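> sharing a model that was predicted from the sequence below.
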Amino acid sequence: MKKITVLGVTGSIGMQTVDVVKNHPDKFKIVAMSAGYNIEKVEEILKIIDVKYICVVNEEDADYLQAKYPNKYIYHGTDGLVKIAVLNEVDIVLNAIVGFAGLVPTIEAIKAKKDIALANKETLVVAGHIITKLVKEYDVALLPVDSEHSAIFQSLNGENKKQIKKIILTASGGSFRNKTREELIGVSVEEALNHPNWSMGAKITIDSATLFNKGLEVIEAKWLFDVSYDQIEVLIHPESIIHSMVEFVDTSIIGQLGNPDMRLPIQYALTYPQRDILFGGESLDLAKVATLTFKKPDFKRFKALALAYQAGRDGGSKPCVLNGANEQANELFRRGKIEFLQIEELVEKALNSHRFIKDPTLQQLIEIDAWARNFVLKEIGEN
Ligand code: NAD
Ligand code: MG
């Protein structure tokens, strides 16, 4: 029996993790979970599965839950996240928190020798240099949940990583993949939230539309698979059937295909190196799909991608600035405070105004993240 802590259980990935676990009661048990502010959903989950440790953001919410569930252990805040990430009885921490908030609990979980199933890509983007070192030092597994990275991970089974020629990271292109740059002026939040292939949380759906998501994934791939940025190629593939590929030195390409269903990479991270039946999973009908199409991304049209490659190549504190500024700008767009194209503009300005640090510590990353968010708010007169 694998015992799991799920961070961010009330989100899109979190709920799909509950679904996977519920379908394999003989193999997995969620012993601890964290949520943000959605206490109703926490109580819904408790009707499906019995979870002993719970962490929420607010103290009042924690008090409410503790009074109602006196036999459970209820925590709150970052300290609480760390408590449930390092529990003795837990084998693996599935991190499905969105954003920078996922970083500290991941670090502490690794130090407590927990394997990590990582959906929270922002953690690797800002602190890949710290995380990869810790993973080696504490000898834990770092298993990707992001569908592209799971595809690459699966394509590398049994292969010699030194023989990778390049990684081909596929991208659906997001909600605006058919729009020209001019047509992106004035697009609405509702339009941006309408992703053609995947149903996901709000932040990542907007990131898919700007292509910051793919940019973050380029940096994520660099750290997960220890390749150079020249070895990572992004390919627009609107059907989202090939979830990514690896080309080897002999020109052979291996990829992973399937219907767009996040439960598969979630389950694979939990069953690895084994596989298991995906309940409710449908076989891919290639005859029905009939056509798979590909095209090169336009780095002028998708400026976010160019910014992410540059930040990744510069390294050091730059990816942290890119991520923090993007998280803030993404949120401002969702609140109707800025235009869609201002997201990349603000991120670029933050990158250009930042004082570079070569090898930032965790404490410095926390400060840089706060600086980047504050910079964006100041730029639009919100702070
Ligand atoms: P979501 O918004 O649906 O859920 C986020 C979860 O994190 C919620 O449980 C929320 O309560 C919690 N949370 C948010 N802010 C928090 C904070 N400050 N402190 C503690 N908890 C907090 O997001 P999602 O779409 O499930 O994405 C989660 C992560 O997985 C992101 O990093 C995303 O990039 C990645 N991811 C998601 C998908 C997908 O299909 N949704 C696919 C690949 C990768
Ligand atoms: Mg992805």
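That came through fine. Numbering: from 1, shown residues only. Ligands and ions are numbered 1, 2, ... in the order given.
> from now on I want contacts and neighbour counts done on CA atoms only, so please keep to that.
Fine.
> helices and strands around the helix or strand harbouring residue 345, which ones?
When elements are assigned from DSSP states H and E, residue 345 belongs to helix 340-353. Applying 3 or more Cα pairs under 8 Å, 6 or more residues apart in numbering; DSSP states H and E, one finds that helix 340-353 contacts helix 303-314, helix 318-334, helix 362-379.
> so the longest one, near ligand 1 or not?
So the one you mean is helix 362-379. No: with Cα under 6 Å from any ligand atom as the criterion, ligand 1 is not reached by helix 362-379; the gap is at least 13.1 Å.
> buried residues, that helix. List them.
365-366, 368-377 (16 or more other Cα atoms under 10 Å).
> pLDDT score assigned to the residue of the stretch 151-300 of the chain found nearest ligand 2?
At 6.7 Å from ligand 2, residue 217 is the closest residue in the stretch 151-300 of the chain, using Cα to the ion. Note on residue 217: pLDDT of 98.
> give me the contacts around stretch 324-336.
99-100, 189, 203, 206-207, 212, 338-340, 342-344, 346-347, 350, 368-370, 372-373, 375-377 (Cα atoms under 8 Å, 6 or more residues apart in numbering).
> coming back round to it: thought the residue of the stretch 151-300 of the chain closest to ligand 2 was touching residue 123?
No: the pair residue 217 and residue 123 fails to qualify as a contact (Cα atoms under 8 Å) at a distance of 11.3 Å.
> give me the more crowded residue out of the two.
Neighbour count, other Cα atoms under 10 Å: between residue 217 and residue 123, residue 123 has more, with 27 against 24.
> before we move on, the earlier item: among the helices and strands packed on helix 340-353, which comes closest to residue 44?
Proximity to residue 44 (Cα to Cα) singles out helix 318-334 among these, at 26.6 Å.
> alpha carbons only: can I get that closest one in PDB?
What follows is helix 318-334 as a C-alpha-only set of coordinates in PDB (Å, rounded to 0.1, in the frame of the first residue of the first chain):
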ATOM      1  CA  LYS A 318      15.900  34.900 -14.000                       C
ATOM      2  CA  PRO A 319      13.400  32.000 -14.100                       C
ATOM      3  CA  CYS A 320      12.200  33.000 -10.700                       C
ATOM      4  CA  VAL A 321      11.500  36.600 -11.900                       C
ATOM      5  CA  LEU A 322       9.800  35.200 -15.000                       C
ATOM      6  CA  ASN A 323       7.600  33.000 -12.900                       C
ATOM      7  CA  GLY A 324       6.700  35.500 -10.200                       C
ATOM      8  CA  ALA A 325       5.900  38.300 -12.600                       C
ATOM      9  CA  ASN A 326       3.800  35.900 -14.700                       C
ATOM     10  CA  GLU A 327       1.900  34.600 -11.700                       C
ATOM     11  CA  GLN A 328       1.000  38.100 -10.800                       C
ATOM     12  CA  ALA A 329       0.200  39.300 -14.300                       C
ATOM     13  CA  ASN A 330      -1.900  36.200 -15.000                       C
ATOM     14  CA  GLU A 331      -3.900  36.900 -11.900                       C
ATOM     15  CA  LEU A 332      -4.400  40.600 -12.800                       C
ATOM     16  CA  PHE A 333      -5.600  39.500 -16.200                       C
ATOM     17  CA  ARG A 334      -8.100  37.100 -14.700                       C
END
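> now do it and helix 340-353, the angle between them.
For helix 318-334 against helix 340-353, the angle by axes from the mean of the first three to the mean of the last three Cα atoms, to 10 degrees is 150 degrees.
> between helix 318-334 and helix 362-379, how big is the angle?
Going by the same axes, to 10 degrees, helix 318-334 makes 40 degrees with helix 362-379.
> quick one: the strands in the chain?
Assigned by DSSP state E, the strands in the chain fall at 2-7, 28-34, 53-56, 73-76, 92-95, 115-118, 142-144, 164-171, 232-236, 242-248, 253-257.
> which of these is buried the deepest?
Compared across those, strand 92-95 shows the largest average neighbour count, a mean of 29 (mean count of other Cα atoms under 10 Å).
> mean confidence score for stretch 2-11?
Here the average pLDDT along stretch 2-11 is 98.
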